[in-house]
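[1] Compute the structure for the input listed below.
(one chain, ligands or ions: 1)
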Amino acid sequence: MKGKKFFIATEKEIEDGKASDVYFSRSHDLLGQEQVKVVVEITSSTSEEWINFTGLQEVMELLKGKDIEMWAIPEGSIISPRDSLGRNIPFIVIRGEYSKIMELETAILGFLCQSSGISTESSKVFMASYPAPFISFGIRRMHPAISPMIDRAAYIGGASGVSGILGAEVIGIEPSGTMPHSLALTMGEDKAWSYIATHFKKGTRTLLIDTFGDEKFKAIEAAEKFPDIDYIRLDTPSSRRGNMAQIIREIRWELDIRGHSNIGIMISGGLKKDQLKELREAGAKVFGVGTSISSARVIDFGMDIVELNGKPITKRGKLSGMKNVYACKTCDFCTIGLFDSKPYCTEHGEMVPLLQKFMEKGQLLRLHEKVSRLRDRSVSALVERLDKIKQ
Ligand SMILES: [Zn+2]
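    I've put the predicted structure just below:
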């Protein structure tokens, strides 16, 4: 780390296996030139009922060019980490010379664990706030070096926008932002409001109204002065939050009776998923959700050898053999099975394998999917889940 300003690994250091646990490089040296052909499998021991699987693109970029084959579940899949019989499913299967991958295990798992943790939490927020949209506001609580990854995962999970400039660039959208309290402090609230109301695009004119005054009276003032704005935003400090839902109902009423039903209410500030339903029902139209998504608990993934030189073998606690995961197209039945097996659903017949081939001899077999497509994949699965819960 000598000569570096920030405590971050470079892309090259990650590729060279330097951002890895030392026991892998020691084992690498011990194995030397020995040819050990393995199949490794990545499974998750999380107790979550379902996760949003992300982080695969970085894994593919890391392994590109190495003489290996790789199969994986596509990113943005909302999926149970266990099959219908409670057995861990493989999310990624890699076949090749063990020396090519062993030193990268730490980095591979790190990519998947943190990204999937964030995308899974974001998907839970999506379900809690639906149909109200939410924006990812949380990169300020995490190391700036990973802000693009955080926003990408939050977006795939279901966020409608992200506040980070680099994250938005990775996704291919415009970053979302309103105004900071500091703008009201430095310019004066009136001037700051006026600037946003006249210079911002339709759809993005959001006035932060709680820098100096009471939420209700400032909301009325903002709406009367600038009736064409899209949202007023409350970022009420925790010391002032008696009953947020009640404050929202009050503002909604006062705006509506004055003819400002067009102005929505945006809420941010330390929001957690459990609060969103109540606030939405009270009248909140859009949320800014920060730390609870960006600092989400990681999803535990582990990587294990399941086949050595063509023979099934693995450690205690794991299932040996090269496996795929198969799903019935009609019902929820899902089962692991040996890689080229053809399991059947007793009711509906043939099942489809979920692992797709992404890499052959180090060559990517398909282009990286657009981030918006990954988001579409997860969001449609989440909406389907919500519909099932309603029924
Ligand atoms: Zn079935």
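
[2] in the helix or strand bottoming out on mean pLDDT in the chain, what's buried?
    Ranking every helix and strand in the chain by mean pLDDT, DSSP states H and E puts helix 22-31 at the bottom, with a mean of 76. For helix 22-31, the neighbour count (16 or more other C-beta atoms under 10 Å) marks Phe24 as buried. Heads up, the C-betas are built off the backbone N, CA and C, glycines and all.

[3] Close to the ion: what parts of the chain are there?
    Within the chain, the residues that sit near the ion (C-beta under 5 Å from the ion) are 328, 330-331, 333, 345, 347-348.

[4] How far away from the center of its chain is whichever strand or helix holds Ile78?
    With secondary structure defined by DSSP states H and E, Ile78 is part of strand 77-79. With C-alpha atoms, centre = their mean, to the nearest Å as the basis, strand 77-79 stands 12 Å off its chain's centre.

[5] which residues touch it?
    50-53, 73, 89, 123, 354, 377-378, 381-382, 385 (C-beta atoms under 8 Å, 6 or more residues apart in numbering).

[6] Quick check: the farthest pair among these?
    The largest separation in these, counting by C-beta to C-beta, is between Ile89 and Leu382 at 19.4 Å.

[7] who's more crowded, those two?
    Under the neighbour definition other C-beta atoms under 10 Å, Ile89 and Leu382 were set side by side, and Ile89 has more, 23 against 20.

[8] per-residue confidence for the more buried one?
    For Ile89, the pLDDT comes out at 98.

[9] quick one on the thing from earlier: and the next element down the chain from the least confident helix or strand of the chain?
    Using DSSP H and E, the helix or strand that follows helix 22-31 in sequence is strand 37-44.

[10] mind checking how far the closest residue in space to Gly138 that isn't next to it in sequence is from the ion?
    The shortest distance from Gly138 to any non-neighbouring residue, by C-beta to C-beta, 6 or more residues apart in numbering, is to Ser294 (3.0 Å). To the ion, Ser294 is 38 Å away according to C-beta to the ion, to the nearest Å.

[11] per-residue confidence at Ser294?
    The model reports Ser294 with a pLDDT of 98.

[12] List the contacts of it.
    Residues near Ser294 by C-beta under 8 Å, 6+ apart: 118, 136, 138-139, 141-142, 150, 154.

[13] Now, the residues of the chain next to the ion that are in strands?
    328, 345 (DSSP state E).

[14] Need the residues of the chain next to the ion in CSV (columns: pLDDT and neighbour count).
    Listed next are the residues of the chain next to the ion as CSV, based on pLDDT from 0 to 100; neighbours: other C-beta atoms under 10 Å:
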residue, pLDDT, neighbour count
Cys328, 96, 20
Thr330, 93, 11
Cys331, 93, 12
Phe333, 95, 19
Cys345, 95, 19
Glu347, 95, 9
His348, 95, 12
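
[15] would CSV of the residues of the chain next to the ion with distance to Ser182 be doable?
    Shown next, in CSV, are the residues of the chain next to the ion (distance: C-beta to C-beta, whole Å):
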residue, distance to Ser182
Cys328, 55
Thr330, 55
Cys331, 54
Phe333, 55
Cys345, 58
Glu347, 61
His348, 59
